[in-house]
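>>> Sequence plus predicted model, see below.
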Amino acid sequence: MIHSIFKVRVFLLVLIFWSHPNSSFSQETSKIEVIVTGEGKTIEDAKKSAIRNASEKVAGLFISTKTQIKKDEIENNIISTISSTAITSFDILKESKLPNQSFVLTTKVVISFNTIDNIVIKMGDNAKLNGSLFTLNIKQQILNEQAESDALSNAFTIIHGLMQESFNYSLNISQPKIVSTPYKHVIIPVDIVATANDNIEICHQLLIDILESVSMSNNELERYKSIGKMFYIAKIERNNEVKTFSLRNQASLFVLNTFLKSYKFYAKSFKLRPSNDVLINDDLFKNNDHDNDTYFDFGVSEFGNKNNLRRDGLLVKKMNLVLIRFLKSKDIGGRFSRNVEVSYEDLVKNGYSVGKNKYSVMPRGKVSYYKNGGIVLYENNGTGFAAFIPWDLKSVYWNTAVKEAEAFVANGYNDWHLPTREDFTKIYNYLYQNNLFSLFSDINSAFYIGEERGTLLTWSFNFEHGIFETGKEIGFDVLLIRNF
């Protein structure tokens, strides 16, 4: 059975282009194309939400209010006015239906810049127009790069939840075997198989739809190549067919790599019943690096040899490609085998009962969330931490980690920082209490803490040993968090 629980919400995928003849702006023809994705209970709800949020994004980029008095009221008035007067065309590019019967529409909304200019004029002293037509080419390129990663991040909010419900599980308990050496005991072989269900098809198509909408066209890619500007490659493979997408922003690859690195967590998202059984229970499968666990090869990320960065005298290779291999429905996604051992005397004395009808396995459901720019690693009463890993900040010095954190922008946020020791304690306890350590089963790194311990020392942490004292120039990885 496939279970999917989604709150009806609206999320925004935005990619903004300026359309103009002969690559020069004119007051008469300037317009903004906004690619947005809205979600709603009905197609009409999704349309209205897309228009509303496209207007909100454009207003945020190009109009600022000049007073704090009734600020929210003024901003809402601006957004409503754009929605009702500045939209010149609306086209549905992609349509997806989620298991909860809600709709996701990828749309292209065209908004008149002249109308926005007139709206600002009519607002008088309450608003001003940010930027000018003469600087928009440069500004536009930056906006496109930011909007691309924001789009993938917003989409991953849905995909991360759905992937946790994309596998069905079967349990096989073989007959106990009596082993005589070195002492008389009993071995009970236990096998759990993860099989992809139809949700995997939805995740695949949704990711393809989004990448097709936000990736660079061939013409734009050639412009990037002609000026020597970096671009990044995403590949989606399925049935031995590969689709390739060219991206502007490395943060887009970071989002895709987070998806890739989370695969073991998705495939192993099951729970056993009865949960408090003495012999066979969830604790038996908590070891995520068990030799008897096998997973579908979900993909790979690559770091190029060109355009490398030097930080603190260390050569840092930039991630430039992420390949994701998608399963098909009914494909085997993972197999997890354990041998339960119990002494023969205990088996006889306690009368342990082992049988196929006694145990069952089922999906855990949605237990991990991606929102506010990253994977939630702590939450209490609506506040917490979202985490994001800049995957090419590996083996850097502490001073570099601090500087990179201060300047880091991803998924629409610029307030990322290194966690403190107190932050990490909350994160560790949250992951332990919710059995979420498998989120990091494919990550064996140590990360810096954002606190100094004198001139030469600081702290670091990993999810196996906790916090430990270390030197500032040892060279560890970077995990960033932001508060929400």
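All right, it came through fine.
>>> phi, psi of Lys264?
Main-chain dihedrals, Lys264, degrees, to the nearest 10: phi -60, psi -40.
>>> wait, Thr294
Note on Thr294: its backbone torsions stand at phi -130, psi 140 [degrees, to the nearest 10].
>>> Enumerate every residue touching it.
Each residue near Thr294 by CB atoms under 8 Å, 6 or more residues apart in numbering is listed here: Gly334, Arg335. Glycine gets a C-beta too; all of them are placed from N, C-alpha and C.
>>> Just grab the bridge partners of it for me.
Thr294 has these beta-bridge partners by DSSP bridges: Arg335.
>>> so how far is Leu206 from it?
27 Å (CB to CB, to the nearest Å).
>>> Likewise for Gly454?
Gly454 is 49 Å from Leu206, where distance means CB to CB.
>>> who has more neighbours, these two?
Neighbour count, other CB atoms under 10 Å: between Gly454 and Leu206, Leu206 has more, with 21 against 7.
>>> so where do the strands sit in the stretch 351-484 of the chain?
In the stretch 351-484 of the chain, the strands defined using DSSP state E, counting those that start in this stretch lie at 360-363, 370-371, 374-380, 383-388, 447-453, 457-462, 466-471, 480-483.
>>> Over to the stretch 51-200 of the chain?
Secondary structure of the stretch 51-200 of the chain, counting by DSSP E, counting those that start in this stretch: strands at 63-65, 87-97, 103-112, 127-129, 167-173, 177-179, 185-196.
>>> so who does Lys426 touch?
Applying CB under 8 Å, 6+ apart, we find Lys426 in contact with Tyr378, Phe385.
>>> Check it and give its pLDDT.
Here the pLDDT value assigned to Lys426 is 95.
>>> Which residue, other than its chain neighbours, is closest to Glu201?
Leaving aside its chain neighbours, Glu201 sits nearest to Ser329 (5.5 Å; criterion: CB to CB, 6 or more residues apart in numbering).
>>> For Phe447, see how far away Ser395 is.
Applying CB to CB, the value for Ser395 to Phe447 is 11 Å.
>>> Need the overlap of contacts for these two.
The contact sets of Ser395 and Phe447 overlap at Phe476, Asp477 (CB under 8 Å, 6+ apart).
>>> can I assume the residue nearest to Glu201 is in contact with His204?
No: taking contacts as CB atoms under 8 Å, Ser329 lies outside contact range of His204: 9.7 Å.
>>> out of these two, which sits in the more crowded spot?
The neighbour comparison of Ser329 against His204 (other CB under 10 Å) goes to His204, with 19 against 16.
>>> For that one, pull up the helix or strand it's in.
Using DSSP states H and E, His204 sits in helix 199-214.
>>> Identify the residues contacting that helix?
By CB under 8 Å, 6+ apart, the residues outside helix 199-214 that reach it are 2, 4, 13, 15, 35, 37, 93-94, 96, 98-99, 104, 106, 147-148, 151-152, 155, 158-159, 162-163, 165-167, 234, 236, 238, 243, 245, 247, 324, 326-329, 331.
>>> Among those, which are located in helices?
Counting by DSSP state H, these place Ala147, Glu148, Ala151, Leu152, Ala155, Ile158, Ile159, Leu162, Met163 in helices.
>>> Let me have the residues you listed in JSON lines, adding neighbour count as columns.
Formatted as JSON lines, the ones in helices among the contacts of helix 199-214 follow (neighbours: other CB atoms under 10 Å):
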{"residue": "Ala147", "neighbour count": "25"}
{"residue": "Glu148", "neighbour count": "27"}
{"residue": "Ala151", "neighbour count": "28"}
{"residue": "Leu152", "neighbour count": "28"}
{"residue": "Ala155", "neighbour count": "26"}
{"residue": "Ile158", "neighbour count": "25"}
{"residue": "Ile159", "neighbour count": "23"}
{"residue": "Leu162", "neighbour count": "23"}
{"residue": "Met163", "neighbour count": "24"}
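>>> Switch those residues over to JSON lines; also include distance to Ala387.
Below are the ones in helices among the contacts of helix 199-214 laid out as JSON lines (distance: CB to CB, whole Å):
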{"residue": "Ala147", "distance to Ala387": "22"}
{"residue": "Glu148", "distance to Ala387": "21"}
{"residue": "Ala151", "distance to Ala387": "20"}
{"residue": "Leu152", "distance to Ala387": "17"}
{"residue": "Ala155", "distance to Ala387": "18"}
{"residue": "Ile158", "distance to Ala387": "19"}
{"residue": "Ile159", "distance to Ala387": "17"}
{"residue": "Leu162", "distance to Ala387": "20"}
{"residue": "Met163", "distance to Ala387": "17"}
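>>> number of nearby residues for Phe440?
For Phe440, the neighbour count with other CB under 10 Å is 23.
>>> who's in contact with the closest residue to it other than its chain neighbours?
The spatial neighbour of Phe440 that comes closest, neighbours along the chain excluded (CB to CB, 6+ apart), is Phe463 at 5.0 Å. By CB under 8 Å, 6+ apart, Phe463 lies in contact with Tyr428, Leu431, Phe437, Phe440, Ile443.
>>> swap in Gly374?
Residues near Gly374 by CB under 8 Å, 6+ apart: Ala386, Ala387, Phe388, Asn411, Leu480, Ile481, Arg482.
>>> now, among those residues, which is nearest to Thr420?
Comparing the contacts of Gly374 against Thr420 with CB to CB places Ile481 closest, at 9.4 Å.
>>> if I look at the spatially closest residue to that closest one that is not a sequence neighbour, how far off is Ala446?
Nearest residue to Ile481, sequence neighbours excluded (CB to CB, 6+ apart): Phe385, at 4.3 Å. Taking CB to CB as the measure, Phe385 falls 18 Å from Ala446.
>>> quick one: which of those two has more around it?
Applying other CB under 10 Å to Phe385 and Ala446 shows that Phe385 carries more neighbours, namely 23 against 18.
>>> From Ile449, how far off is that one?
From Phe385 to Ile449 the distance is 14 Å (CB to CB).
>>> Find residues that contact each of these two.
Listed as contacting both Phe385 and Ile449 by CB under 8 Å, 6+ apart are Pro419.
>>> Need the nearest residue in space to Ile192, chain neighbours excluded.
In space, Ile192 is closest to Phe336, 4.6 Å off (CB to CB, 6+ apart).
>>> Count the neighbours of that neighbour for me.
23.
>>> any weak-confidence spans in the stretch 251-400 of the chain?
By pLDDT under 70, the low-scoring segments of the stretch 251-400 of the chain are 287-289, 305-317, 350-356.
>>> So which residues of it form helices?
Assigned helices in the stretch 251-400 of the chain, in chain order: 263-267, 344-350, 398-407 (criterion: DSSP state H, counting those that start in this stretch).
>>> Turn the ones you listed into JSON lines, including mean neighbour count and distance to Ile111.
Listed next are those as JSON lines, based on neighbours: other CB atoms under 10 Å; distance: least, CB to CB, whole Å:
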{"stretch": "helix 263-267", "mean neighbour count": "24", "distance to Ile111": "38"}
{"stretch": "helix 344-350", "mean neighbour count": "13", "distance to Ile111": "72"}
{"stretch": "helix 398-407", "mean neighbour count": "18", "distance to Ile111": "31"}
